[in-house]
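would you be able to build a 3D model of this:
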Amino acid sequence: MTVLPDDGLSLAAEFPDATHEQWQRLVEGVLRKSGKEVSGEAAEDALSTKLEDGLTTRPLYTAPETAPDTGFPGFAPFVRGGRAEGNAASGWDVRQRIAGTDPVRVNEAALADLENGTTSLWLAVGDAGVPAEGLARALDGVYLDLAPVSLDAGAQFPEAAEALLALYAERGVAPGAAHASLGADPLGHEARTGQALDLAEAAGLAARTAAWPHVRALTVDALPYHEAGGSAAEELGLSLATGVAYLRALTDAGLSKTPLSTEAAFGELEFRYAATADQFLTIAKLRAARRLWARVAEACGTPAAGAQRQHAVTSPVMMTRRDPWVNMLRTTIACMAAGVGGADAVTVLPFDQELGLPDAFARRISRNTSTILLEESHLARVIDPAGGSYYVERLTDELAGAAWEFFQTIEKAGGQAAALRSGLVAERLATTWAARSKKLATRREPVTGVSEFPLLTEKPVVREPAPAPLTGGLPRVRRDEAYEALRARSDAHLAATGARPTVFLAALGPAAAHTGRATFASNLFQAGGVTPVHDPVSVTPETAAAAYAASGADGMAVLCSSDALYEEQAEAVAAALRSAGATTVFLAGRPGTAAAAVDEYVFAGCDAVAVLSSVLDRMGVAS
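I've put the predicted structure just below:
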């Protein structure tokens with residue numbers, strides 16, 4: 001009788017370990033059933049996914065592929081967190097953004113947020129928010145020794161910072177008790193607006209707040225690059241270049257009357273990053289950001305100062321205007337990823353962010369997203385919970401490498417300011433966004449509720465207009481923008497005629513033959529605001545004309561069935577549809593199938609935006 005080791009999980013102890021090659025052979029068998037004859041590494045490659053920045057996600061990661069040693073939380077290279085205790089003591093800082101120009105209403109929102117789970121405030125001040133002179137009224141009743149305040153004031157950062165510091169003095173808040181981020185970000189403002197600001201003012205502000213241990217004068221905001229279509233590595237590389245530019249400014253005796261030491265300069269910076277619904281990429285991005293900044297600190301001779309302070313914000317780029325309720329799911333995943341990635345502060349943007357000023361319900365949901373993850377899911381109780389994952393560690397390492405390479409490109413171009421002014425940054429981000437736009441247009445990157453499973457009958461969500469965002473610099477892109485333009489055309493047509501443009505789906509044969517392709521075609525056309533209509537009973541060559549006439553379709557019909565039935569019936573059904581008035585007959589399937597019978601094809605991977613734009617043009621829907 002064999003005595004098994006007493007480890008509690010020993011039932012498989014006598015079985016031999018499986019090998020990588022055995023797993024590959026099993027993969028080969030599965031792929032063979034789907035018609036792919038590949039073997040070995042090629043089988044593994046067939047299941048891999050290409051990401052931006054030249055990265056690839058493989059289907060399997062094992063111990064030999066792990067990244068370099070990441071150390072411990074609170075110690076360089078800070079991959080696992082900038083503080084030894086991480087967020088385990090009290091969770092991350094739940095930072096609520098408040099935009100609005102009326103100090104009274106901003107104050108009402110701030111008090112409601114703080115009373116219901118928010119732990120700090122992120123206030124828009126100046127051109128896109130409350131006036132600097134109204135800051136005292138906006139913070140009336142806020143205990144400034146308990147609630148940290150983060151300012152976003154653009155070019156008005158000197159006035160906003162002065163107003164907040166004066167408020168601390170007026171209310172008797174000692175320098176050691178104040179917790180704030182004054183938000184000076186001259187290069188971020190230039191990226192947003194194209195207007196250059198003097199770094200000397202930011203350096204002077206930092207010299208003034210150096211004696212305030214918990215007040216940071218400058219923010220390195222990477223959102224302008226993310227919102228211009230930048231990839232994760234580009235966002236990291238540009239934030240790194242900006243941070244280095246600020247270090248140089250703060251320690252430059254020729255720029256500041258009171259230059260800071262290198263260590264003190266590191267303490268004046270906070271970094272802001274986007275958190276997306278790609279949870280693993282977000283986790284890796286925040287971990288890689290800390291590693292990269294630690295490398296800068298090491299190069300500056302102050303490795304202990306390289307613990308990056310991070311503020312994560314759920315991505316505006318991923319937020320949709322149609323079916324905005326789905327944004328709650330996106331921001332929940334993004335918030336979770338930010339917390340797991342070790343962000344010090346997390347802002348969950350309300351689901352109606354892109355529609356105007358968020359209402360009370362949306363603000364409540366955004367607050368409660370963090371509350372549930374912290375209090376019910378206990379997400380912060382473990383420091384760096386993704387640490388040790390072969391995939392996360394590898395992705396962190398590869399992303400850090402790609403970001404460092406881009407950072408070096410920026411430095412070789414003369415630094416962040418020079419790269420912005422030369423157009424290098426704009427061109428690089430535009431190229432990245434153009435590639436991603438193709439994925440969105442072909443629905444290789446789906447947008448639920450917009451390019452996939454749209455709801456044409458949804459009632460519009462209307463909100464009070466928000467202050468106009470700053471413009472003039474890098475563009476602001478959104479994943480839904482191409483489809484939003486198509487839907488806007490459909491909306492205008494509905495308002496003018498009382499009906500949306502309509503396409504007839506000619507489903508052939510039994511449900512098993514046509515359901516898949518009919519569902520595909522229905523989703524595709526609805527993404528452009530075109531209502532799909534099909535007869536409850538599958539059409540035949542004899543019934544096609546009558547079914548089309550009864551549908552009210554605007555000249556368009558789509559054949560939906562199996563390849564076998566296309567060969568049998570497509571020509572006759574297409575002829576019947578044309579006799580009934582169809583000017584264009586599509587086929588849902590591979591190009592070339594029943595080629596003589598149809599005019600065009602819709603298929604997985606086709607440019608849906610181009611197809612839908614052409615369809616609306618031919619239907620006479622104004623652009």
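
list the helices and strands the host helix or strand of A492 packs on?
Using DSSP states H and E, A492 falls within helix 481-497. Here helix 481-497 touches helix 424-441, helix 608-618, going by 3 or more C-beta pairs under 8 Å, 6 or more residues apart in numbering; DSSP states H and E. Using the backbone N, CA and C atoms, a C-beta is placed for each residue, glycine as well.

go with 6 Å
helix 608-618 (3 or more C-beta pairs under 6 Å, 6 or more residues apart in numbering; DSSP states H and E).

who touches the helix it packs on?
Here helix 608-618 makes contact (C-beta atoms under 6 Å, 6 or more residues apart in numbering) with A441, R443, A482, L486, R489, L524, G528.

the first one contacts D607, doesn't it?
Going back to what we said before, that points to A441. Yes: checked against C-beta atoms under 6 Å, the pair A441 and D607 is within contact range at 5.1 Å.

sorry, back to before: from the contacts of helix 608-618, which is closest to L60?
The nearest member of the contacts of helix 608-618 to L60, counting by C-beta to C-beta, is R443 at 26.9 Å.

next, count neighbours for that closest one.
22 (other C-beta atoms under 10 Å).

which of A441 and D607 has more neighbours?
A441 (20 against 13).

if I look at that one, how far off is K36?
Between A441 and K36 the distance, using C-beta to C-beta, to the nearest Å, works out to 26 Å.

how much space between H214 and E65?
With C-beta to C-beta as the criterion, H214 and E65 are 40 Å apart.

actually A136, not the one I wrote
Where E65 is concerned, A136 sits at a distance of 56 Å (C-beta to C-beta).

okay, the two: which has more neighbours?
Between A136 and E65, counting by other C-beta under 10 Å, A136 is the more crowded of the two (16 against 13).

ok, and what's touching the strand or helix carrying the more buried one?
In the assignment (DSSP H and E), A136 maps to helix 135-138. Here helix 135-138 makes contact (C-beta under 6 Å, 6+ apart) with P103, V106, N107, V130, A163, L167.

now, those residues that are in strands?
With strands taken from DSSP state E, there is no overlap with those.

of those residues, which is the most crowded?
V130 (27 neighbours).

in contact with it, which residues are there?
Here V130 is in contact with T101, P103, V106, A138 (C-beta under 6 Å, 6+ apart).

how about low-confidence regions in the chain?
Residue ranges of the chain with pLDDT under 70: 1-13.

what's the residue closest to the geometric middle of it?
T276 (3.4 Å; C-alpha atoms, centre = their mean).

report the spatially nearest residue to it, omitting neighbours in sequence.
Distances taken as C-beta to C-beta, 6 or more residues apart in numbering place S315 nearest to T276, at 4.4 Å, with adjacent residues excluded.

can you get me a residue count around that neighbour?
23.

if we ignore the residues flanking it in sequence, what's nearest L260?
Here the residue nearest L260, using C-beta to C-beta, 6+ apart, is L250, at 4.8 Å.

for the one you found, give me its contacts.
By C-beta under 6 Å, 6+ apart, the neighbours of L250 are A203, A206, L260, A265.

coming back round to it: the contacts of helix 608-618: which two are farthest apart?
Largest pairwise distance in the contacts of helix 608-618, by C-beta to C-beta, is 18.7 Å, between R443 and R489.

from the chain's centre, how far out does the next helix-or-strand element following the helix holding A136 sit?
Remark: after helix 135-138, the chain's next helix or strand is strand 149-152, criterion DSSP H and E. Averaging C-alpha positions (C-alpha atoms, centre = their mean, to the nearest Å) puts strand 149-152 22 Å from its chain's average.

helices or strands up against strand 149-152?
strand 120-124, strand 180-184.

packing partners of the first one?
The reference is to strand 120-124. Looks like strand 120-124 contacts strand 93-98, strand 149-152 (3+ C-beta pairs under 6 Å, 6+ apart).

can you state the direction angle for it and strand 180-184?
20 degrees (axes from the mean of the first three to the mean of the last three C-alpha atoms, to 10 degrees).

pull up the pairing partners for strand 120-124, direction included.
strand 93-98 (parallel), strand 149-152 (parallel) (DSSP bridges).

JSON lines for those strands, including distance to A511 and mean neighbour count?
Converted to JSON lines, the strands paired with strand 120-124 look like this (distance: least, C-beta to C-beta, whole Å; neighbours: other C-beta atoms under 10 Å):
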{"stretch": "strand 93-98", "distance to A511": "48", "mean neighbour count": "24"}
{"stretch": "strand 149-152", "distance to A511": "54", "mean neighbour count": "25"}
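
so which of those is nearest A400?
Taking these one by one with C-beta to C-beta, strand 93-98 is closest: 24.7 Å.

contact partners of the closest one?
V106, A109, A110, D113, T118, T119, S120, W122, L123, A345, T347, S370.

distance to R290 and mean neighbour count added to the helices and strands packed on strand 149-152, as JSON lines?
Below are these laid out as JSON lines (distance: least, C-beta to C-beta, whole Å; neighbours: other C-beta under 10 Å):
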{"stretch": "strand 120-124", "distance to R290": "20", "mean neighbour count": "23"}
{"stretch": "strand 180-184", "distance to R290": "18", "mean neighbour count": "28"}
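
could you dump those strands into TSV with distance to V382 added?
Converted to TSV, the helices and strands packed on strand 149-152 look like this (distance: least, C-beta to C-beta, whole Å):
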stretch	distance to V382
strand 120-124	23
strand 180-184	27
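
so which of these comes closest to L31?
Here strand 120-124 is closest among the helices and strands packed on strand 149-152 (C-beta to C-beta), at 48.4 Å.

got the strands paired with strand 120-124 as a markdown table, with distance to S551 columns?
Shown next, in a markdown table, are the strands paired with strand 120-124 (distance: least, C-beta to C-beta, whole Å):
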| stretch | distance to S551 |
| --- | --- |
| strand 93-98 | 47 |
| strand 149-152 | 52 |
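
pull up the gap between the closest residue to A545 other than its chain neighbours and M319, please.
Nearest residue to A545 in three dimensions, chain neighbours excluded: A580, at 3.9 Å (C-beta to C-beta, 6+ apart). A580 sits 42 Å away from M319, going by C-beta to C-beta.

neighbour count: these two, which is higher?
A count of neighbours by other C-beta under 10 Å puts M319 above the other of A580 and M319, at 22 against 18.

shouldn't that one be within a helix?
No: looking at M319 with DSSP: H, G, I helix; E, B strand; the rest coil, it is coil, so not inside a helix.

so who does it touch?
N327, Q353, E354.

so which of these sit within helices?
Assigned to helices by DSSP state H, the following of the contacts of M319 qualify: N327.

I'd like to know which of the contacts of M319 are buried.
N327, Q353, E354 (16 or more other C-beta atoms under 10 Å).

tell me the SS of the closest residue to E227 other than its chain neighbours?
Distances taken as C-beta to C-beta, 6+ apart put R476 closest to E227, at 4.9 Å, once the chain neighbours are dropped. The local conformation at R476, judged by three-state DSSP, is coil.

count of residues packed around R476?
R476 has 17 nearby residues by other C-beta under 10 Å.

and it, how far from L223?
For R476 relative to L223 (C-beta to C-beta), the value is 10 Å.

and if you look at G29?
46 Å.

equivalent analysis for D535, please.
Distance from D535 to L223, by C-beta to C-beta: 49 Å.

more neighbours: which of those two?
A direct count of neighbours by other C-beta under 10 Å for D535 and L223 places L223 higher, at 23 against 17.

let me see the contact set for that one.
Applying C-beta under 6 Å, 6+ apart, the residues near L223 are A274.

separation between it and H189?
12 Å.

quick one on the thing from earlier: wait, the residue nearest to E227 sits on Y225?
No: at 11.1 Å, R476 does not count as touching Y225 under the criterion of C-beta under 6 Å.
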